[in-house]
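Peer 1: Below: sequence and its predicted model.
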Amino acid sequence: MTLHQFTYFLIEALNIYSYLLILRVLISWIPVDPSSWLVQNLIKLTEVVLAPLRRIIPPVYGLDLSVMAAFLGLYLIKYFLRSSLA
């Protein structure tokens, strides 16, 4: 696997993680069964990033900004990875 292929793989993995974060936001708005294995695994996968961000970024008027910070971080990482390919 070349460096370019590995970089593309990382970018795609970050895209998939972005979709997982979107699903996490959606399940917080839609009533779902929290004991579902799918929901539990989704929470476990996203809490790896969101929990440390929640410790740093306090809620603003009850709004959890950790997801937006995670999206910003993912965007910046993907931006730098793409710029390294040029």
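Peer 2: On my side now, so go ahead.

Peer 1: And stretch 55-71, what's buried?
Peer 2: By neighbour count with 16 or more other Cβ atoms under 10 Å, stretch 55-71 contains the buried residues 64, 66-67, 69-70. Where you see a C-beta, it was placed from the backbone N, CA and C, and this is true even at glycine.

Peer 1: what about that stretch, how long is it end to end?
Peer 2: Its first and final residues considered, stretch 55-71 spans 17 Å by Cα to Cα, to the nearest Å.

Peer 1: Could you do stretch 59-74 as well?
Peer 2: Between the start and the finish of stretch 59-74 there is a gap of 20 Å, counting by Cα to Cα.

Peer 1: circling back to that earlier point, from the buried residues of stretch 55-71, which land in strands?
Peer 2: Using DSSP state E, no member of these sits in strands.

Peer 1: of the residues you listed, closest to Val48?
Peer 2: When the buried residues of stretch 55-71 are compared for distance to Val48 (Cβ to Cβ), Ala70 wins out at 10.2 Å.

Peer 1: what's the spacing between the nearest residue to that closest one once chain neighbours are set aside and Ile77?
Peer 2: The spatial neighbour of Ala70 that comes closest, neighbours along the chain excluded (Cβ to Cβ, 6 or more residues apart in numbering), is Val49 at 5.2 Å. Distance check for Val49 against Ile77: by Cβ to Cβ, to the nearest Å, it reads 11 Å.

Peer 1: So those two - more neighbours on which side?
Peer 2: Set side by side, Val49 and Ile77 give different neighbour counts by other Cβ atoms under 10 Å, the larger being at Val49 (18 against 13).

Peer 1: Return the distance of that one relative to Leu74.
Peer 2: 9 Å.

Peer 1: Quick check: neighbours shared by the two?
Peer 2: Common neighbours of Val49 and Leu74, counting by Cβ atoms under 8 Å, 6 or more residues apart in numbering, are 17, 21.

Peer 1: ok, now which ones touch Leu42?
Peer 2: 20, 23-24, 27.

Peer 1: Now which of those would you call buried?
Peer 2: 24, 27.
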